[in-house]
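Colleague: model this:
(4 chains)
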Protein chains: 2
Amino acid sequence: MAENKGKRTEPTARPSTRERILVSTLSLFNQKGPEAVTTAEIAEAVRINQGNLYYHFRTKESLVVALFSRFEADALALVAEADAVPAPDSKAYAGFLRKWFSLVWTYRFLFRDLPGLLATAPGLRGPILAVSAGMRLSVDVIFQRMETAGLISVAADDRKPLLANVWIVSTYWAVYLGLQEGVRDLSPQHVHWGLSQVASLLRPYLSPQAKADLEEMLSEPLA
Amino acid sequence: MAENKGKRTEPTARPSTRERILVSTLSLFNQKGPEAVTTAEIAEAVRINQGNLYYHFRTKESLVVALFSRFEADALALVAEADAVPAPDSKAYAGFLRKWFSLVWTYRFLFRDLPGLLATAPGLRGPILAVSAGMRLSVDVIFQRMETAGLISVAADDRKPLLANVWIVSTYWAVYLGLQEGVRDLSPQHVHWGLSQVASLLRPYLSPQAKADLEEMLSEPLA
DNA sequence: GTCTATAGCCTGATAGAC
DNA sequence: GTCTATCAGGCTATAGAC
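Modeller: Got it, this is the predicted structure:
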């Protein structure tokens, strides 16, 4: 786990106002979407004055940008971690998947309505597309490695569609859950549900060994 | 195809102002999301005055509701059509799938950000969940019929996850496309892409006959 | 760093003439 | 049915005292 970039939390001191603002804002954004959350609402949640909020973040957009930066850092760290796995190892990849799911849930407001998000923070278009492309590339590489290791076997024609479906399900599963039932708080069960959805996507293509590893991960106690 | 409920278009007369408002609003909502579209913007697009707009629709919410009603009517008609298929017929079901895709694209603003949508039109929560549940039930029935007809074979444990994945992909493919590349206008290629994504989801479970029917539909000229 | 007070804009919506 | 004119309220953001 990387160290606390941007002093996300000081080890000894209590959380700074800036930190508290970001935590509350993330929570509100996830609940109602950035466009539906007012700066007054944020200030109230943090129990500070609205003017004070603007001392720390001069625009609403800068709040969105700051939260995205955190997501970006976490996502890139995860990719680096996955790339660093020495030999193809389905268990390591399964763990990678689980972390990605947790990340998607934590920052789910980023996925809920991208066009709307870009309306309030236009400067985010480039970075978002870059992260998205990077993640997909990383998944692609993992697939290739698993294939050469005989863990998975996908016909050439099926490869791209399968990757796209994996991406869609592992990205929008949280949105789907939020719709289907008014799921508001992430319980480990929900992450597990999402994981099993992706698992069922892959299962037809896995080797017996990889399949066994996957089932084992799914039956593991929830992190 | 059902007749024009709510006088969607009069056969002879040119489109009414009300109709023009709905068409323009749908387009704007799909482009920018309901929350980002102002009534002034709508009035300008229709080339009428803002006061006139409020003569036809007294609230912004009523615009959302009116558009949803159209989607609802189309969706229910589609379900009825699917239920009326006399014998299990993969070609008929494939056509059903294609129409559903077209519908999702046409009203994609409804799927883009459900929580945000409910913020501007709270009364829509019930109807939306009802339609969603109805659609999923209908798909479930189709699966059952295909199974008893030997067109498809899914292990009991895999059934529910597969259905959920079909639902996720067939609902969020448009959102995914909008993100991945700035796809704004539906070309038939995009619908075809979405269809092929769902097809690749089902392919591992299809009988040779059903698979052949599916490939045939996919290679057909785009409607 | 935190507060009070307020500016300035934009929004959805209404009243009433034509 | 369509327009002009206008309002009240909420929003982001700033200025300046403490």
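Colleague: and the residue lying closest to A:R136 once chain neighbours are set aside, what element?
Modeller: Spatial nearest neighbour of A:R136, excluding adjacent residues (Cβ to Cβ, 6 or more residues apart in numbering or on different chains): A:W167 at 6.0 Å. Bear in mind the C-beta positions are built from the backbone N, C-alpha and C, glycine included. Using DSSP states H and E, A:W167 falls within helix A:156-180.
Colleague: quick one: buried residues of that helix?
Modeller: A:159, A:161-162, A:164-179 (16 or more other Cβ atoms under 10 Å in any protein chain shown).
Colleague: Stretch A:47-67 vs chain B: in contact?
Modeller: No: residues of stretch A:47-67 are not located near chain B by Cβ under 8 Å from any Cβ of the partner chain, the shortest gap being 14.1 Å.
Colleague: quick one: is that stretch near DNA strand D?
Modeller: Yes: using Cβ under 7 Å from any atom of the strand, a contact is recorded between stretch A:47-67 and DNA strand D, made by A:Q50, A:G51, A:Y54, A:Y55, A:R58, A:T59, A:K60, A:E61.
Colleague: Domain-wise, how is chain A divided?
Modeller: A:8-58, A:65-219 (automatic domain parsing).
Colleague: Now these in CSV, please, with extra columns for mean pLDDT.
Modeller: Shown next, in CSV, are these (pLDDT from 0 to 100):
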stretch, mean pLDDT
domain A:8-58, 91
domain A:65-219, 88
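Colleague: Kindly present those as a markdown table, with separate columns for distance to B:E220.
Modeller: Below are the domains of chain A laid out as a markdown table (distance: least, Cβ to Cβ, whole Å):
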| stretch | distance to B:E220 |
| --- | --- |
| domain A:8-58 | 39 |
| domain A:65-219 | 18 |
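Colleague: Which residue ranges of chain A form helices?
Modeller: Counting by DSSP state H, the segments of chain A that form helices are A:17-32, A:39-46, A:50-56, A:60-83, A:90-106, A:109-112, A:114-120, A:125-148, A:156-180, A:188-202, A:208-219.
Colleague: which one of these is the most hemmed in?
Modeller: Comparing those on average neighbours per residue, with mean count of other Cβ atoms under 10 Å in any protein chain shown, the densest one is helix A:109-112 at a mean of 22.
Colleague: Does at least one residue of that helix sit close to chain B?
Modeller: Yes: contact between helix A:109-112 and chain B is present through A:R112 (criterion: Cβ under 8 Å from any Cβ).
Colleague: Just list what that helix packs against, helices and strands only.
Modeller: Here helix A:109-112 touches helix A:17-32, helix A:60-83, helix A:156-180, going by 3 or more Cβ pairs under 8 Å, 6 or more residues apart in numbering or on different chains; DSSP states H and E.
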